[in-house]
Each structure stands twice: as C-alpha cells, then as structure tokens.
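S.K.: Provide a 3D model corresponding to the input given below.
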Amino acid sequence: MVRWLLSAVLLLHALIHLLGLRFVRLPAALTGVELPAGWALAALLLGTSGVGLALHRSWWWAPATLGLLLSQGLIVLHWSQAWAGTIINVGLALSIAVAAAQTAAARRVRDEAQALAATAAPTPITAERLARLPAAAQRYLAYAGVKGNTPVPAAVSLRQTGRIRTGPNQPWLAMEAEQHFAVRPASFLWLATMQWSGVPFLQVQDRYAAGHGRSQVRAGALLPLGSSQGPEMDLGALQRYLAEAVWFPAAYVQDNVHLTAAGDHAFTATLAGADPRAAVTLHVDDAGKLTEITARRYREVAGAFELADWSVQPLAYGTLEGLRMPTACRVVWRLPAGDFAPILLTVTELQYQWRSTAGQSAPRVALTPVTTTNGAAHAAWPAGI
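M.R.: Predicted coordinates for the structure are as follows:
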C-alpha cells in the first residue's frame, strides 16, 4: 500500500514539474539558450522512478535522486513560484535515503558472501562415509536425496519471505530476507528487512564466520539501533548454521561436521573443533523425513542471555536443486509461560554455487549458479499464527 502511495506521489510530482513548462524557463545564462528543458528532465526522472517503484524495481531510487536534485535546484531558482515543492522533496529524499542504504547494505552482504564462498573447500561425498553415519542420519539423507555421488555446493544463497515478531503479544511484521552460506568452513550472512504496512523500517543483519556470531539492527538501514556479539551469540549462530544446513543437506556429510545417534529417530550435529554445546538434534520419522530440529539455545532478553529450548518445525516440503527439503518452517521458543513462535518463513528461491574446475587457476574461485524457484506458499502456515 505504501509503495503504491509513494509511487503515486512521485508521478504526481512529475506532473507538477510539467507545469513548469508553462510559466518558468531556465535562465539563458545557465543553459546558453532559454529552454524549459530542466523542468521536463526533472519530470522524466521523477516519472521514471515512480513507474520503477510501482513495478518493484530496486533501481527506482537512482532516477529519483537525480530528479530531486534537479527539482530542488529549479525550485531555488524560482522560489517565489515553486517553494512548496521543497516540502515534497524533503519527504521523498528521506525515502530515497532509506532505499539507497538498503541497496548498499545488500551489496556489502553479497560482496562479503562472495569472499566467504571463495574460501569454501567442500569435500566429496562417498558411499563409505555415508555408511558410517548413524541410522537416523542415513534415513534422513536418503530421503533428502543425498547419495554417494551427490555434488557438494561451495556456497548457497536463499531468498525468503515471512513474518516476524519480537514478543508473544507483539504484532507480526512482514519480512523479506536473503541469506548466503559457505560450506567448509561454515559461515552464513542473513540480511532481513521488516515492513510495517508496506514500509521497510527495520533491517537486521546476522553473521557467523570464523567461529563468531553477530547481530546488528538498523532503523531504515540508516540508524544503528543495537548490536549483539559474544560467546552466547557465537554458540547460537553456529546452531543456526547447523539447523539451516537442511537447505544444503550434503553439508552434514562433510568431514567438519560430526553426527552422533540420539535414538532410533534422531541424530545430533556438531561442528568439529567447536564448543560441543553448539549442537542441534534433527528428528526424523521412519521414512527419514525431517519432523523437527531441537536445541538448547541462548535467547537474548532485555540485553541479557538465557538458555531455553528452541525448535524449528517444518511446515512444508519441496524439491529444490533435485533435493527434498523443508520449504516453509516455524521457529519456536519453548518457554515456561508457553510456546512463542517469533518467525515464520518460506524459501522462495534457492541457488547452489559449484566450484568450477575450469576456474581453479583463477585468483578467485569460479562459481556456476543454478537457480530453482519454489512455489511453496504462505498457506502452509497453520491458521491463527
């Protein structure tokens, strides 16, 4: 709704600038000729940005920036007739600043993800290694489609949509996110934008690399609101990686991941050399289908950390990159006061990046992307949550 409103304001602002063709001309001292080209160009730039925003194009803010700069220059030159346009320009400038900051943040995350992917060195899967795994892990991997000759991606990228909230009595916020993983060594980057009534007002970036986790929150991608790091974040971020590896299950067969039996229908995953408390348990049914992921995980409450039972519950399954995996899930904290689900998400796009043998002599690892689109819908979420 807000996107359409802002788009309408840009288009209306463009039309108002066309009125400048009727009564205002750029001084010949500035242009060499007396032409109303400035007003026409400002209208074109603002109109283009309005259409781009309506079509959900990420570049909309670039022509809007140029159009506003030109617009304000023209307003200053003809202040007595056009001063009111400054009010609109200030509001649009704030929207553009937020959009530009979000674009810059996404670019930084993707650059860092590419750098992490360049260091990834996954090991091939062998039938002998699969045979040594716990029985529940073998059933899970067989159900997912991981075999002795299954290729292991060097890096993985996801796009997600969903809902998020900060407390049991807090309102749900719409969320769009992108996430990037590197396989061996383990790392991930998650950039999520929260929206209220269509306005992207909050951005969260979570990171795990080199054994350390960190979370940063910004208002509108501009104003820092808080940052969390430390031993508890390190453990929690690693547990996230181990749980979210269900989107690239071949990672569970890497030599840096240890799997141990936890009964006939579960197995526990830990990372070699890491704190053994950073473990997650994957629960499967008789066929090997994942039913739940559980862990004792740190939860931040009012600036302090407390241990609580944490659960990830698959809500829908799909086939992506030829593998069966959860495509929608719910995260749940099991608290003394009752269960609290802070996040519901759906994977809308999955991209595996493979190490290319042709690029081994290049200074950077050559990666070949293959993208699969998932049709899983929010209808998979249980009613009432």
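S.K.: which residues of this structure fall in strands?
M.R.: 155-164, 173-182, 187-196, 199-209, 212-219, 223-229, 257-261, 266-271, 280-284, 290-301, 304-320, 323-335, 338-355, 367-373 (DSSP state E).
S.K.: how about TSV for these, with mean pLDDT and mean neighbour count added?
M.R.: For every residue, glycine as well, the C-beta is placed using N, CA and C. Compiled in TSV, these are given as follows (pLDDT from 0 to 100; neighbours: other C-beta atoms under 10 Å):
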stretch	mean pLDDT	mean neighbour count
strand 155-164	95	21
strand 173-182	94	21
strand 187-196	90	20
strand 199-209	87	20
strand 212-219	92	17
strand 223-229	85	12
strand 257-261	97	16
strand 266-271	98	22
strand 280-284	98	22
strand 290-301	96	18
strand 304-320	95	17
strand 323-335	96	20
strand 338-355	93	19
strand 367-373	40	13
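S.K.: Could you dump those into TSV and include distance to residue 120?
M.R.: Supplementary listing: the strands of the chain in TSV, determined by distance: least, C-beta to C-beta, whole Å:
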stretch	distance to residue 120
strand 155-164	6
strand 173-182	4
strand 187-196	8
strand 199-209	12
strand 212-219	18
strand 223-229	23
strand 257-261	14
strand 266-271	15
strand 280-284	21
strand 290-301	23
strand 304-320	19
strand 323-335	18
strand 338-355	7
strand 367-373	9
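S.K.: Outline the domain layout of the protein.
M.R.: Domain assignment for the chain by automatic domain parsing gives 2-98, 122-380.
S.K.: quick one, which of those is nearest to residue 105?
M.R.: Ranking the domains of the chain by distance to residue 105, with C-beta to C-beta as the measure, places domain 122-380 first at 5.2 Å.
S.K.: Distance from the chain centre to stretch 44-56, please.
M.R.: Mean-position distance between stretch 44-56 and its chain equals 24 Å (C-alpha atoms, centre = their mean, to the nearest Å).
S.K.: That stretch: which residues count as buried?
M.R.: Using 16 or more other C-beta atoms under 10 Å as the test for burial, stretch 44-56 gives 44-54.
S.K.: Mind checking which of those residues are in helices?
M.R.: Counting by DSSP state H, these place 44-54 in helices.
S.K.: Regarding the protein, what is its longest helix?
M.R.: The chain, longest helix under DSSP H: helix 85-118.
S.K.: Just the angle for it relative to strand 155-164, thanks.
M.R.: Between helix 85-118 and strand 155-164, the angle comes out at 140 degrees (axes from the mean of the first three to the mean of the last three C-alpha atoms, to 10 degrees).
S.K.: Show me what helix 85-118 is packed against.
M.R.: For helix 85-118, the packing partners by 3 or more C-beta pairs under 8 Å, 6 or more residues apart in numbering; DSSP states H and E come out as helix 2-23, helix 61-77, strand 155-164, strand 173-182, strand 187-196, strand 199-209.
S.K.: number of nearby residues for residue 252?
M.R.: 22 (other C-beta atoms under 10 Å).
S.K.: Repeat that for residue 127.
M.R.: 9.
S.K.: and the gap between it and residue 191?
M.R.: Remark: distance between residue 127 and residue 191 (C-beta to C-beta, to the nearest Å) = 38 Å.
S.K.: cool, and residue 223?
M.R.: Applying C-beta to C-beta to residue 223 and residue 191 gives a distance of 16 Å.
S.K.: cool, residue 92 as well?
M.R.: Using C-beta to C-beta, residue 92 is found at 25 Å from residue 191.
S.K.: Please apply the same query to residue 298.
M.R.: From residue 298 to residue 191 the distance is 22 Å (C-beta to C-beta).
S.K.: ok, for residue 183, nearest residue in space, not its chain neighbours?
M.R.: residue 122 (4.8 Å; C-beta to C-beta, 6 or more residues apart in numbering).
S.K.: ok, that neighbour - contacts?
M.R.: Taking C-beta atoms under 8 Å, 6 or more residues apart in numbering, we find residue 122 in contact with 152-154, 183-184, 250-251, 254, 355.
S.K.: likewise residue 347?
M.R.: For residue 347, the contact set (C-beta under 8 Å, 6+ apart) comprises 158-160, 247, 318, 320, 326-328, 374, 376.
S.K.: switch the cut-off to 7 Å
M.R.: By C-beta atoms under 7 Å, 6 or more residues apart in numbering, the residues touching residue 347 are 158, 160, 247, 327, 374.
S.K.: Dump those residues to a markdown table, plus distance to residue 195.
M.R.: Shown next, in a markdown table, are those (distance: C-beta to C-beta, whole Å):
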| residue | distance to residue 195 |
| --- | --- |
| 158 | 19 |
| 160 | 14 |
| 247 | 24 |
| 327 | 22 |
| 374 | 21 |
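S.K.: of all the residues you listed, which comes closest to residue 61?
M.R.: Closest to residue 61 out of these is residue 160 (23.0 Å), distances taken as C-beta to C-beta.
S.K.: give me the beta-bridge partners of the closest one?
M.R.: Residue 160 forms beta bridges with residue 177, residue 347, as assigned by DSSP bridges.
S.K.: Let me know whether it touches residue 348 as I believe.
M.R.: Yes. Here residue 160 lies in contact with residue 348, judged by C-beta atoms under 7 Å, at a distance of 6.5 Å.
S.K.: before we move on, back to that, wait, which of the strands of the chain is closest to residue 76?
M.R.: strand 223-229 (28.3 Å).
S.K.: Packing partners of that closest one?
M.R.: Applying 3 or more C-beta pairs under 7 Å, 6 or more residues apart in numbering; DSSP states H and E, we find strand 223-229 packed against strand 212-219.
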